[in-house]
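Colleague: Sharing a model that was predicted from the sequence below.
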Amino acid sequence: MSQSDTRSKIKPNLAFKEPPMFRVVYLNDNVTTIEFVIDSLIEYFDYTSETAQKITTDIHEAGSACVAVLPFEIAEQKGIEVTANARMQSYPLQIKLEPEGQS
């Protein structure tokens, strides 16, 4: 009895692509406090107090602002965490994700 050895050569695909990046955008509203927005930027996005204040001013003046550009899964998770924290404190803060490069 002979056993036939059939082997397939599989070539690994070593071409890695960078994950698509998404913009995390905070939308301004008339209820969410400036303090909450600043604190969330510091807590979830590791901004300094000064940078968080500038971004918050941009959100307030322009109606919205991109606060970070991250891979989709990380952007989505941070958006969920900030939104959940906002709802726990009865704030209607809205966050949207946009593919990088879209205006």
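Modeller: Sure, I can see it.

Colleague: show me the contacts for Gly63.
Modeller: Counting by C-beta atoms under 8 Å, 6 or more residues apart in numbering, Gly63 touches Leu27, Asn28. No exception for glycine: its C-beta is placed from N, CA and C like everyone else's.

Colleague: let's see 7 Å
Modeller: Counting by C-beta atoms under 7 Å, 6 or more residues apart in numbering, Gly63 touches Asn28.

Colleague: Local confidence estimate at it?
Modeller: pLDDT recorded at Gly63 is 97.

Colleague: What of Ser4?
Modeller: Value for Ser4, per-residue pLDDT: 62.

Colleague: what about Lys17, neighbour count?
Modeller: Neighbour count of Lys17, defined by other C-beta atoms under 10 Å: 5.

Colleague: And the one 3 residues further on, by the same measure?
Modeller: One way to gauge burial is a neighbour count; for Pro20, by other C-beta under 10 Å, it gives 11.

Colleague: can you tell me how far Pro71 sits from Ile10?
Modeller: From Pro71 across to Ile10, the span is 28 Å (C-beta to C-beta, to the nearest Å).

Colleague: between these two, which one's more packed in?
Modeller: Pro71 (14 against 6).

Colleague: pretty sure the more buried one is touching Arg23, no?
Modeller: No. Under the criterion of C-beta atoms under 7 Å, Pro71 makes no contact with Arg23, lying 11.6 Å away.

Colleague: Contacts for the longest helix seen in the chain next, please.
Modeller: What stands out as the longest helix in the chain, according to DSSP state H, is helix 72-88. By C-beta under 7 Å, 6+ apart, the residues outside helix 72-88 that reach it are 19-20, 22, 24, 32, 36, 40, 44-45, 68, 93, 95, 97.

Colleague: Let's have those in TSV, adding secondary structure and distance to Ala86.
Modeller: Below are those laid out as TSV (DSSP: H, G, I helix; E, B strand; the rest coil; distance: C-beta to C-beta, whole Å):
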residue	secondary structure	distance to Ala86
Pro19	coil	26
Pro20	coil	26
Phe22	strand	19
Val24	strand	14
Thr32	coil	7
Phe36	helix	7
Ser40	helix	7
Tyr44	helix	11
Phe45	helix	14
Ala68	strand	16
Leu93	coil	4
Ile95	strand	8
Leu97	strand	16
